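Asks: coordinates only, sequence not included:
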């Protein structure tokens, strides 16, 4: 009996099957690749010292959005917007809060992005960290089949934890099954010899390749979302990726000083709580560069996983009929403003890579400098796939920019518990909860180091009006 129960639990963890839906034969497949804590630290996004050939190749076949901004500089809240197409709570439990309303029978909750595709005939599968918890479940170890982060959304939602035992272990895992207990007892950087599978993303990729084969054989359109964990802390990747940067001369960290005026600066607690051998990158330049090299190694490790996924897409002859989206869930400071982490409302926390690629895109490889938001991904995928766009969405389709990279974008807004912000072509406004205002002029070399709010009161009022219009009810 015990073995039978264990088998049932394992089956629940591997995947949750849904009833069949109507087959939409003319629709394109969707491959959504989510990368955790990925700032625009890619060769194709202007960082020439980064080895990212596979993502760069995707960018060359699609449209790189070099001024894409997320709604929130934290994983859960940012992914909420991606997966619902709406503004939402400002914390990592945003999707679980939505799930709570659904399980209580609240029929006012709009369907999620995967649910919308599922209801239009798609098989929906997630592998890895797509919502906030890898595998999309709650509970003490994030593997409770009764606590779904996104009910009614996935036909299968998977995380093969391997030696990391459970999704919680994999989320902050280091090599060969090392699980985080006390953060101060886990090294903040690591690079051990071995294959890609000695870190959790290797297993996520292997499972993704298997799922792609299953989906291709089904003959139905699919929406496959893959969530890669690196370069999230701790910065651990196989040693071969760190070797790419051993001799690299890194550029100086721009504006590394802690701001002297009130901002959303913070003490980098997520980073500083790990074992750092008593070293602080804000005062130890050698350690700062070591950390940056390990972050770069994690980016190259992720790039290899993306390459394997895209190669399988080609092997299965699916590339021509698949919309591919690569999305970073937010940025990450590498010492700018004296921050090592996200969670601020500065540019470094809110700007992340976005690439959309599909067969027949106009001017492939041409970047766009139009400002866009994560909020826009849901309506864009609907239009590209030929699905109706639901009226509850709060973003806009990016089809016009995909057709013409010189097309205009729109202001981007973001928020945390401490305040909210709007980014235009020329300025960033940040409004704190206590009413304090920061205004930065991106037309100057000072960028986000000089608060010009007092010198430009009319600009402040103009942007505050725009912000209020965009986020009324937030």
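Replies: Cool, got the structure. As the structure is a prediction and not an experimental result, all values here were calculated from the model.
Asks: Now residue 447. Nearest residue, chain neighbours left out?
Replies: residue 440 (6.3 Å; C-beta to C-beta, 6 or more residues apart in numbering). In this view, the C-beta of every residue, glycine as well, is placed from N, C-alpha and C.
Asks: Find the nearest non-adjacent residue to the most centrally placed residue in the chain, please.
Replies: Taking C-alpha atoms, centre = their mean, the centroid of the chain lies closest to residue 329, which sits 2.0 Å from it. Computed as C-beta to C-beta, 6+ apart, the closest residue to residue 329 that is not its neighbour in sequence is residue 78, at 4.7 Å.
Asks: any idea how far that neighbour lies from residue 180?
Replies: 22 Å (C-beta to C-beta, to the nearest Å).
Asks: out of these two, which sits in the more crowded spot?
Replies: More crowded of residue 78 and residue 180, by other C-beta atoms under 10 Å: residue 78, with 27 against 17.
Asks: phi, psi of the residue nearest to residue 329?
Replies: Dihedral pair for residue 78: phi -70, psi -40, per degrees, to the nearest 10.
Asks: Which positions in the helix ranked longest in the chain come out as buried?
Replies: Longest helix in the chain by number of residues (criterion: DSSP state H): helix 285-315. Across helix 285-315, burial judged by 16 or more other C-beta atoms under 10 Å covers 287-310, 312-313.
Asks: Excluding covalently adjacent residues, which one is nearest to residue 49?
Replies: Per C-beta to C-beta, 6+ apart, closest to residue 49 is residue 248, 5.3 Å.
Asks: got the contact list for the one you found?
Replies: Contacts for residue 248 were tallied using C-beta atoms under 8 Å, 6 or more residues apart in numbering; they are 49, 293, 296.
Asks: Go through the residues you listed and say which is closest to residue 220.
Replies: Nearest to residue 220 among these is residue 296, at 39.1 Å by C-beta to C-beta.
Asks: how close does residue 362 get to residue 58?
Replies: Counting by C-beta to C-beta, the gap from residue 362 to residue 58 is 16 Å.
Asks: And residue 250, by the same measure?
Replies: 25 Å.
Asks: Could you check which of those two has the larger neighbour count?
Replies: For residue 250 versus residue 58, the count of surrounding residues by other C-beta under 10 Å is larger for residue 58: 25 against 13.
Asks: Give me the below-cutoff pLDDT ranges for the stretch 1-150 of the chain.
Replies: 1-26 (pLDDT under 70).
Asks: can you give me the helices in it?
Replies: 2-14, 53-61, 75-84, 94-103, 113-118 (DSSP state H, counting those that start in this stretch).
Asks: So what's the gap between the second one and the chain middle?
Replies: Spelled out, it's helix 53-61. For helix 53-61, the separation from the chain centroid amounts to 18 Å (computed by C-alpha atoms, centre = their mean, to the nearest Å).
Asks: again with stretch 204-221
Replies: Remark: stretch 204-221 is offset 22 Å from the chain centroid, using C-alpha atoms, centre = their mean.
Asks: do stretch 116-124 as well
Replies: 22 Å.
Asks: re the thing from before, from residue 322, how far off is the residue nearest to residue 329?
Replies: Taking C-beta to C-beta, one finds residue 78 at 24 Å from residue 322.
Asks: Ok, residue 171 next?
Replies: 28 Å.
Asks: Please produce JSON lines containing the contacts of residue 248, extended by distance to residue 407.
Replies: Formatted as JSON lines, these follow (distance: C-beta to C-beta, whole Å):
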{"residue": "49", "distance to residue 407": "31"}
{"residue": "293", "distance to residue 407": "38"}
{"residue": "296", "distance to residue 407": "33"}
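Asks: which other helices and strands contact the helix or strand just after the longest helix of the chain?
Replies: Next along the chain after helix 285-315, taking DSSP states H and E as the criterion, comes strand 322-328. Contact partners of strand 322-328 among helices and strands, from 3 or more C-beta pairs under 8 Å, 6 or more residues apart in numbering; DSSP states H and E: strand 29-35, helix 53-61, helix 285-315, strand 354-357, helix 377-385.
Asks: Parallel or antiparallel, which strands does strand 322-328 pair with?
Replies: strand 29-35 (parallel), strand 354-357 (antiparallel) (DSSP bridges).
Asks: deepest of these, which one?
Replies: Using mean count of other C-beta atoms under 10 Å, the stretch among the strands paired with strand 322-328 with the largest mean neighbour count is strand 354-357, at a mean of 26.
Asks: what residues does it touch?
Replies: Here strand 354-357 has contacts from 55, 58-59, 61-65, 68, 323-328, 364, 372, 374, 377, 380, 384, 398, 402, using C-beta under 8 Å, 6+ apart.
Asks: Buried ones from those, can you make that a ChimeraX selection?
Replies: Buried residues within these, by 16+ other C-beta under 10 Å, are selected in ChimeraX with:
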select :55,58,59,61,62,63,64,65,68,323,324,325,326,327,328,372,374,377,380,384,398,402
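Asks: Which residue ranges make up the domains of the protein?
Replies: Listed by automatic domain parsing, the domain ranges of the chain are 2-410, 418-474.
Asks: Go through those and pick out the most buried.
Replies: Per residue and on average, the most neighbours among those fall to domain 2-410, with a mean of 20 (mean count of other C-beta under 10 Å).
Asks: got the contact list for residue 65?
Replies: Shown in contact with residue 65 (C-beta under 8 Å, 6+ apart): 353-356, 367-368, 370, 372, 398, 401.
Asks: and stretch 274-285, how far from the chain's centre?
Replies: Using C-alpha atoms, centre = their mean, the mean C-alpha position of stretch 274-285 is found 26 Å from that of the whole chain.
Asks: hmm, who's touching it?
Replies: 183-188, 233-234, 256, 258, 272, 287-288, 291, 335, 338, 340.
Asks: Swap in 7 Å and give it another go.
Replies: For stretch 274-285, the external contacting residues (C-beta atoms under 7 Å, 6 or more residues apart in numbering) are 183-188, 233-234, 287-288, 291, 335, 338, 340.
Asks: nearest to residue 462, of the residues you listed?
Replies: For the contacts of stretch 274-285, the nearest to residue 462 is residue 338 (30.3 Å; C-beta to C-beta).
Asks: correct me, but the residue nearest to residue 329 touches residue 71?
Replies: Yes - counting by C-beta atoms under 7 Å, residue 78 does reach residue 71; the two are 6.1 Å apart.
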